[in-house]
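1. Kindly return the folded structure for what I paste below:
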Amino acid sequence: MKVKAIIYQKDKKVRSKAFENKTDAKNWVNGVLMGVSDYTKKKLEIKTVYENVEENRGGKRIGSGVKSLFQEKTTTITIRVPESNKEEIKKQFQQILNRYRVF
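-> Residues are numbered from 1 along each chain as shown. Below you'll find the predicted structure:
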C-alpha cells in the first residue's frame, strides 16, 4: 500500500511525497530533515505525518453510466419480425414501454 509522508511546520504543510512503503517515506523525511536537531524541530514546531494512500485509478466512476428509464432492473428482448411490419411493431413496443417510464 502506498504511503504519503507530509512535513508540517506550525500546522502548515511544507512538503509531501508519496512512496511505495513506509520505510522509503521515513528515509525521505530523514534526508529532508538531515542536520536539523530535535531542539530545532521542537522550536520550529516541525512534525511529520504518514498517511495511507488509496488508489483511485481504474474502475467505474460513481454515478457514471446509463440512467435508468424504469423503476426496476431491465433486460433485453430480441425477436424476429417480418421487415414489412418492423416499424409498426417498434411503435407498438414503444407505446407499451412508455407506460412504465419514470420521468
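2. which helix is the longest one in the protein?
-> Counting residues, the longest helix found in the chain (DSSP state H) is helix 86-98.
3. what sits up against that helix?
-> Residues from elsewhere that reach helix 86-98 (Cβ atoms under 8 Å, 6 or more residues apart in numbering): Val81. Heads up, the C-betas are built off the backbone N, CA and C, glycines and all.
4. where does this structure dip in pLDDT?
-> 103 (pLDDT under 70).
5. can we see that at 90?
-> For the chain, the stretches with pLDDT under 90 are 1-2, 9-14, 32-47, 52-77, 97-103.
6. I'd like to know how far the residue sitting furthest away from the middle of it sits from Ile6.
-> Distance from the centre of the chain peaks at Ser84, with 49.3 Å (Cα atoms, centre = their mean). Counting by Cβ to Cβ, to the nearest Å, the separation of Ser84 from Ile6 is 71 Å.
7. what's the distance between the longest helix of the chain and the middle of its chain?
-> Centroid separation for helix 86-98 versus its chain: 40 Å, with Cα atoms, centre = their mean, to the nearest Å.
8. Ok, stretch 16-28 next?
-> Counting by Cα atoms, centre = their mean, stretch 16-28 comes out at 22 Å from the chain centroid.
9. Tell me the buried residues in it?
-> Phe19, Ala25 (16 or more other Cβ atoms under 10 Å).
10. what's the first-to-last distance across that stretch?
-> 10 Å (Cα to Cα, to the nearest Å).
11. Over to stretch 73-93?
-> 18 Å.
12. and if you look at stretch 65-78?
-> Distance between the boundary residues of stretch 65-78 (Cα to Cα) amounts to 22 Å.
13. Need the contact partners of it.
-> Contacts for stretch 65-78 (Cβ under 8 Å, 6+ apart): Tyr100, Arg101, Val102.
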